[in-house]
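**Student:** What would the 3D arrangement of this be:
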Amino acid sequence: MAWRRGSQSSDRLADAVDEMRHRIDELVTDLSSALERAERESRRNRLLGELSSSIDLEELVERVLDAALEIPGFDAAVVVFEEPGADPTVATRGLTPEEATHPPTSGVGAGAPVRTITVSFRYGPEEQAGTQPSLIRGGLFVPLLGRDGSSLGTIALLWRRADWEPSRDQIDAAEYLAESCIPAILNARRYREARQLAETDALTQLYNQRYFHETLRREVLRAQRYGRSLALIVFDLDDFKNVNDRVGHLAGDGVLSQVAEGLRQAVRSVDIACRVGGDEFAVILPESGIADANQLFRRVQESVRDTAHGPNGRLHFSAGIAELEHGDTAAALFERADSALYRAKDLGKDRADIARTSPS
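**Tutor:** Okay, the predicted model is just below:
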């Protein structure tokens with residue numbers, strides 16, 4: 001009997017120890033989950049707090065994507081910011097290159113949805129065969145609406161698990177993120193508008209002299225650092241003073257606007273066209289050399305011939321062309337192009353001259 005009672009006591013003790021160990025394991029798991037949730041919530045709150053300090057639209061987009069994917073349960077995110085008078089800004093996170101090329105949409109049509117909606121996506125057998133990673137199965141689309149109800153864009157949170165939908169808490173978190181974005185988007189728009197005004201020549205709507213010198217310095221540093229080519233062409237209207245003297249400065253301004261329009265039509269999308277003086281213009285040509293700049297000069301000649309007309313018919317202009325050399329600074333590159341421009345004028349005008357190589 002004594003042995004049996006001792007055995008029973010040992011069994012009860014072992015059971016108690018097992019139960020205690022099980023409870024401790026559960027407590028550790030609960031604490032770990034709570035800590036993970038707290039850390040995630042802390043990161044999300046920090047990211048939400050940083051939104052108000054983002055005045056650059058590209059930076060704001062990245063921070064919104066960071067905050068969006070801190071909401072648990074989602075595998076990818078798409079942010080669309082509407083741009084007045086321009087194509088919308090679209091950024092993605094967690095999508096394959098193929099998916100990012102054509103991000104999933106809400107199917108509402110043009111513009112953002114007027115309320116939060118959940119969408120399920122279905123695929124045919126051919127689309128589902130051999131897909132890695134798994135396909136996007138659904139999306140939560142949250143509108144970004146201004147105070148007047150205008151559409152500022154959309155935040156889309158996407159998932160890849162079949163038969164899954166976000167909880168009310170997850171939807172609330174996404175809507176809170178969207179609401180937090182609104183002041184930052186409006187501030188970023190105002191900043192962009194102010195920056196464009198500061199960088200744009202009022203008469204021609206080309207970039208102004210300040211922007212030209214800042215950009216040329218940046219492009220020269222980038223080209224020197226990565227061993228890339230860079231060309232610069234400087235234009236000057238021939239005898240433009242006679243135009244102003246003959247028809248007045250107001251009509252002369254009209255001629256400059258026509259020249260700027262011809263220049264806009266001639267440059268490539270990667271080129272940076274600027275007005276750097278009264279009747280002097282410049283174009284920075286990244287990833288380009290002398291031959292590219294020469295071709296641009298011919299295109300500008302044709303475009304201005306078709307677009308701009310002076311008081312006595314066709315306008316003429318001269319140009320100086322320079323290609324970046326090893327060790328060049330922005331100032332040295334511009335000086336060589338400008339010197340080539342004056343040589344072109346001395347040689348009879350209505351032509352382009354190539355800058356001489358810097359003395360070694």
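
**Student:** what about residue 57, neighbour count?
**Tutor:** 18 (other C-beta atoms under 10 Å). Placement of C-beta: from N, CA and C, glycine included.

**Student:** State whether it and residue 90 are indeed in contact, as I suppose.
**Tutor:** No - checked against C-beta atoms under 8 Å, the pair residue 57 and residue 90 is beyond contact range at 11.9 Å.

**Student:** got the residue ranges for the strands in this structure?
**Tutor:** 76-83, 86-93, 117-120, 138-145, 151-159, 230-237, 272-275, 280-286, 309-310, 313-314, 317-323, 352-354 (DSSP state E).

**Student:** Of these, which is nearest residue 298?
**Tutor:** Proximity to residue 298, assessed across those by C-beta to C-beta, is greatest for strand 352-354 (8.7 Å).

**Student:** Helices of the protein, start to end?
**Tutor:** Here the chain has its helices, by DSSP state H, at 2-51, 57-68, 97-101, 125-128, 168-199, 209-226, 240-247, 249-266, 290-307, 330-346.

**Student:** and those helices as a markdown table, adding mean pLDDT and distance to residue 153?
**Tutor:** Formatted as a markdown table, the helices of the chain follow (pLDDT from 0 to 100; distance: least, C-beta to C-beta, whole Å):
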| stretch | mean pLDDT | distance to residue 153 |
| --- | --- | --- |
| helix 2-51 | 64 | 14 |
| helix 57-68 | 87 | 10 |
| helix 97-101 | 88 | 17 |
| helix 125-128 | 66 | 28 |
| helix 168-199 | 88 | 7 |
| helix 209-226 | 94 | 27 |
| helix 240-247 | 70 | 45 |
| helix 249-266 | 85 | 28 |
| helix 290-307 | 87 | 36 |
| helix 330-346 | 95 | 37 |
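
**Student:** Could you list the domains of the chain?
**Tutor:** 50-197, 209-354 (automatic domain parsing).

**Student:** what's near enough to touch residue 158?
**Tutor:** Residue 158 sits next to 74, 75, 76, 77, 78, 94, 95, 104, 136, 138, 139, 140 when contact means C-beta atoms under 8 Å, 6 or more residues apart in numbering.

**Student:** among those residues, which two are most distant?
**Tutor:** Across the contacts of residue 158 (C-beta to C-beta), the longest gap, 15.1 Å, separates 95 and 140.

**Student:** Which one's more surrounded, the two?
**Tutor:** Shown here are residue 95 and residue 140; by other C-beta under 10 Å, residue 140 has more neighbours (25 against 19).

**Student:** Is that one in contact with residue 120, as I believe?
**Tutor:** No - with contact defined as C-beta under 8 Å, residue 140 does not reach residue 120; the gap is 10.9 Å.

**Student:** so residue 321 makes contact with residue 356?
**Tutor:** No - counting by C-beta under 8 Å, residue 321 stays clear of residue 356, with 11.1 Å between them.
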